[in-house]
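Chemist: attaching a predicted model along with its sequence, questions to come.
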Amino acid sequence: MTDDRALAGELATAAGELLLDIRKTSGLVGKELGKAGDLRSNEFLLRRLAEERPGDAVLSEESADDKTRLSAERVWIVDPVDGTREYGTYENGGGRADWAVHVALWSASGGLVAGAVALPALGVTYVDDDTAVEPTEGLASRPRTGLPRVVVSGSRPPAFADEVAAAIGGEVLPMGSAGAKAMAVVRGEADAYVHAGGQYEWDSAAPVAVARAKGLWCGRIDGSELVYNNDDTYLPDLVISRPELTEAILTVTSGGAGG
């Protein structure tokens, strides 16, 4: 049997390849492309998980929430297209790269025990192992200036974004999906990702599994732990950062500026 980490990586990668094919061949753009991608990627992930792990529960952004997961030992938490708006930007053979596919596994005994984030437009998938990630580019919209960089939502940046950047002597950079922003920190394109504008468990589970494995600090803006497989899947805020920056960042974010 394929181990859980390998399966997460395999499924995220394959779903990403499916999404690239839909993007290229469907003739759809914008919201219609996003809807088609969400639907087909979700169908693919649910089918494969039913085949590979028939005894496990699944929590997916694109499916009704089956509350039997609350008593399950193992729950796969998936986001078939993280960054549907960015995925839908496809024109003349090109489009944005800051979207992702998330596949994570939560267990009642160990919390997040496997995770994978695919960046299909860049042809790479990250899993929650200790393999070093060499600094690389491809997600950020502009080159690094040498200053520490804080990535934030382009549509819902937290009110404290500029204050966080100032606290670490850095700059703010808007970016697309949660997975892309988290992987920007993993890839060395950014030094921290802060969010306080509302998210759900599927937005952060796989990115957090990967980021933790790569040695990054992950938690709530008040410094508390991120907890998954809750009855209410709303998990509104998140910090992922280089460990040496965490204290300065939390000094700002734990003040409750929000936004």
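Modeler: Perfect, I can see it now.

Chemist: could you list the low-pLDDT ranges of this protein?
Modeler: 1, 256-259 (pLDDT under 70).

Chemist: tell me which stretches of it form strands.
Modeler: All strands of the chain, identified by DSSP state E, fall at 57-60, 74-82, 90-91, 94-95, 100-107, 111-119, 124-127, 149-153, 171-175, 192-195, 217-219, 238-241.

Chemist: wait, which of these is closest to Val29?
Modeler: Judged by CB to CB, the one of the strands of the chain that comes nearest to Val29 is strand 90-91, at 5.8 Å. C-beta: built from backbone N, CA, C; applies to glycine.

Chemist: in the sheet, which strands lie alongside the closest one, parallel or antiparallel?
Modeler: Strand 90-91 has its sheet partners listed here by DSSP bridges as strand 94-95 (antiparallel).

Chemist: how far does stretch 23-36 sit from its chain's centre?
Modeler: Centroid separation for stretch 23-36 versus its chain: 21 Å, with CA atoms, centre = their mean, to the nearest Å.

Chemist: what sits up against that stretch?
Modeler: For stretch 23-36, contacts defined as CB atoms under 8 Å, 6 or more residues apart in numbering pick out 22, 37, 81, 84-85, 87-91, 93, 95.

Chemist: in ChimeraX, select just the buried ones from those residues.
Modeler: Here is the ChimeraX command that selects the buried residues among the contacts of stretch 23-36 (16 or more other CB atoms under 10 Å):
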select :22,37,81,84,85,87,88,89,90,95
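
Chemist: out of the contacts of stretch 23-36, which comes closest to Leu112?
Modeler: Distances from Leu112 to the contacts of stretch 23-36, taken by CB to CB, are shortest for Val81, at 20.5 Å.

Chemist: my read: that closest one touches Arg40, true?
Modeler: No - with contacts counted by CB atoms under 8 Å, Val81 stays clear of Arg40, the gap being 9.5 Å.

Chemist: any common contacting residues for the two?
Modeler: Residues touching both Val81 and Arg40 (CB under 8 Å, 6+ apart) are Leu19.

Chemist: now the contacts of stretch 23-36 as TSV including distance to Tyr193?
Modeler: Listed next are these as TSV, based on distance: CB to CB, whole Å:
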residue	distance to Tyr193
Ile22	27
Gly37	23
Val81	19
Thr84	19
Arg85	18
Tyr87	19
Gly88	22
Thr89	21
Tyr90	25
Glu91	28
Gly93	30
Gly95	22
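
Chemist: so which residue is smack in the middle of the protein?
Modeler: The C-alpha lying nearest the average C-alpha coordinate of the chain belongs to Gly179 (CA atoms, centre = their mean; 2.5 Å).

Chemist: contact partners for it?
Modeler: Shown in contact with Gly179 (CB under 8 Å, 6+ apart): 79, 82-83, 99-102, 117, 119, 203, 206-207.

Chemist: grab the nearest non-local neighbour of it.
Modeler: Ala100 (3.0 Å; CB to CB, 6 or more residues apart in numbering).

Chemist: now do Tyr234
Modeler: Nearest in space to Tyr234, with sequence neighbours left out and distances taken as CB to CB, 6+ apart, is Tyr200 at 5.9 Å.

Chemist: tell me the one of the contacts of Gly179 nearest Ala12?
Modeler: Ala12 lies nearest to Val101 out of these, by CB to CB, at 4.6 Å.

Chemist: tell me where the stretch 101-250 of the chain has helices.
Modeler: Ranges of helices in the stretch 101-250 of the chain, per DSSP state H, counting those that start in this stretch, are 161-167, 178-186, 201-213, 243-253.

Chemist: ok, and what's touching stretch 164-175?
Modeler: So stretch 164-175 is in contact with 98, 139-142, 145, 147-154, 157-158, 161-162, 181, 184, 190-192, 194, 245, 248-249, 251-253, going by CB under 8 Å, 6+ apart.
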